[in-house]
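J.: Task: produce atomic coordinates for the following.
(one chain, ligands or ions: 1)
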Amino acid sequence: MRRNGMCPICYLKKLFSRPSNVTDVFYDKKYENGAALTPPMGWSSWNTFRNQIDDKLLKETARAMKDNGLIEAGYKYINLDDCWHSSMRDEDGLLQGDLTRFPEGIPALVSELNALGLKVGIYSSNGTFTCEDLPASLHHEKSDAYTFAKWGIEYFKYDFCHNEKISKYAPLVFSVSVAPVGGRDILTVGCEDAILYGTAKLMPDKRLPGGMYISGLDGASGKAVFKNICVPKAGKYVLTINILKKGLYDKFLIAYANEDNYCRFEIPSQKPFNLSARYQAYIDLKEGLNTISLFNPVATRADSAMVQYQYMGKMLKEASERVAKEQGREVKPIVFSICEWGLNKPWKWGATAGNLWRTTMDIRPWWKWMMMIYGRNVKLYKYSQKGNWNDPDMLEVGNGKLSPAQNRSHFTLWCMMCSPLILGNDLRSMKKEVLDIITNKELIAIDQDELGVPAKRVKKGGIDVLARPLSGGKWAVCFFNKRGEKDFSFPVKKLVSDEYVKLPSASSYSYKEVWTGKEGAFTDAITGSVGKHDVKVYILTPQKQ
Ligand code: GLA
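T.: Coordinates of the predicted model:
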């Protein structure tokens, strides 16, 4: 059996190979688009409906969200997952909805869902196809982002199937030229004028105009900086890199201008019919002197994913700003949901690329599987922050054979961990007990707390203890029972001495338990009992001495 044209052993090796850590590269700014300042809440079609979705389902679900009070409870997004689209791009090369399941087109559906008070989400893959093998957005980032923004999309999930890794090789540049858009080159700077760092070095080749080219810009280890790019006024320019054609492999290069914007060059393997080639991209320059740095930031598999997701994030931001200008309205930011299943340690770079990142493989409504996801995600608490969140995947509350206690725990743990709350059940036909769980006001308030500080697991065992500070001088402490019915008693001083939780020392703590509504006060220890696979969550308020 051959997978993706690879021999079985090579395929397995690739599948299980560990990505090395992300190289410390060029771009470490936090991704900010004004969206998802608290974890996003909504519904997605995937967990229940998979590839069987149409406009009728979406409209009925939206109606159910309104009638059930879910919109009011905070569930704002309604997300089309995979299979919303046709296998055929339209005559302009743009994505379009499945022609017979969404016959009125996606924009009409978006308007209708918006009218009910919902924001609409959509899905694609950072690959040549989606996970269901439909057209996807790798190499179409700009136009697809623009299409979505024009349709009024406000949430975008970007998967990882059919991904192609960016090459760690860089082209051999011998000069760069700059031209105003619609004009001819106004300057060309040869590589002899570049300042070289790391492995970058000048190599002789008499056939080239200046007799030299730069090699060693590969694998995040070398950089060439051109400081003398002087243009008469600020604006968009065409940057041409002139390269020596050599090497039967793809190449990649970033040109970073003045530390505030960049463009990229994806260069295929080269046929040496000619000595040189020209590659072009737009770049923003300021009036007067500019600095352009050339390098390839990709050394590892993780770098490649990071650079690709960062690029899509940038395209989404630019598209939403462009559309706002064109339509003369406020920017509708697009929540950017990175979904590469935790393969490339996205918690380390996700906050520079998007608003949330999946930390694990796909969730299923199976208790043991869910526990695996919880076990991994809970360790990553330090990486979530306001506007950029760990995503342990969409909710399965109400799906499969999860018991009421398991549904409660699943929802509670996700809220404690500041997770996105994206429902995945059939909202048109759910039991009251499920609706009660997903609309529990106090749990939602924990998830959405404005401090945005996820819980730390302060004790691991038969009963896990999770704690987090909340705004307004409150703390949430959760007891999660993984085994049989149990009593617990947890010393408050452990939360007081914990550097992360920082519960103030007090003579007593008043509490409310959010599932039973019970109120009272603790002094030295939090005590109670909790059933198998169930949870208790106490909101504590320290009492002044
Ligand atoms: C991947 C994602 C899922 C879902 C499917 C769609 O498996 O992780 O959440 O979007 O693709 O095909």
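
J.: ok, which stretches of the stretch 351-500 of the chain are helices?
T.: 367-377, 404-416, 432-438, 441-447, 493-496 (DSSP state H, counting those that start in this stretch).

J.: Can you lay out those helices as JSON lines showing mean neighbour count, mean pLDDT and distance to residue 249?
T.: Placement of C-beta: from N, CA and C, glycine included. What follows is the helices of the stretch 351-500 of the chain, written out as JSON lines (neighbours: other C-beta atoms under 10 Å; pLDDT from 0 to 100; distance: least, C-beta to C-beta, whole Å):
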{"stretch": "helix 367-377", "mean neighbour count": "18", "mean pLDDT": "98", "distance to residue 249": "35"}
{"stretch": "helix 404-416", "mean neighbour count": "24", "mean pLDDT": "98", "distance to residue 249": "43"}
{"stretch": "helix 432-438", "mean neighbour count": "16", "mean pLDDT": "98", "distance to residue 249": "50"}
{"stretch": "helix 441-447", "mean neighbour count": "19", "mean pLDDT": "98", "distance to residue 249": "47"}
{"stretch": "helix 493-496", "mean neighbour count": "16", "mean pLDDT": "98", "distance to residue 249": "55"}
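
J.: I'd like these written out as JSON lines, with distance to residue 189 added.
T.: JSON lines is the format used below for the helices of the stretch 351-500 of the chain (distance: least, C-beta to C-beta, whole Å):
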{"stretch": "helix 367-377", "distance to residue 189": "49"}
{"stretch": "helix 404-416", "distance to residue 189": "53"}
{"stretch": "helix 432-438", "distance to residue 189": "59"}
{"stretch": "helix 441-447", "distance to residue 189": "53"}
{"stretch": "helix 493-496", "distance to residue 189": "60"}
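
J.: Include distance to the ligand when you put these into TSV, please.
T.: Shown next, in TSV, are those (distance: least, C-beta to the nearest ligand atom, whole Å):
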stretch	distance to the ligand
helix 367-377	12
helix 404-416	15
helix 432-438	19
helix 441-447	20
helix 493-496	35
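
J.: Go ahead and measure how far the helix or strand where residue 203 lies is from the middle of the chain.
T.: Taking DSSP states H and E as the definition, residue 203 sits inside strand 201-204. Its chain's C-alpha centre and that of strand 201-204 lie 40 Å apart, by C-alpha atoms, centre = their mean, to the nearest Å.

J.: Need the residues that contact it.
T.: 172, 191-192, 196, 211-216, 222 (C-beta atoms under 8 Å, 6 or more residues apart in numbering).

J.: with those residues in mind, which one is nearest to the ligand?
T.: Ranked by distance to the ligand (C-beta to the nearest ligand atom), the contacts of strand 201-204 are led by residue 222 at 35.6 Å.

J.: contacting residues for the residue in the stretch 301-450 of the chain that the ligand sits nearest to?
T.: For the stretch 301-450 of the chain and the ligand, the shortest gap (C-beta to the nearest ligand atom) falls at residue 362, measuring 4.6 Å. Residues near residue 362 by C-beta under 8 Å, 6+ apart: 341, 393.

J.: quick one on the thing from earlier: list the helices and strands whichever helix or strand comes after the strand holding residue 203 packs on?
T.: Tracing the chain past strand 201-204, the next element assigned as helix or strand by DSSP H and E is strand 212-215. The contact analysis (3 or more C-beta pairs under 8 Å, 6 or more residues apart in numbering; DSSP states H and E) places strand 212-215 against strand 172-180, strand 201-204.
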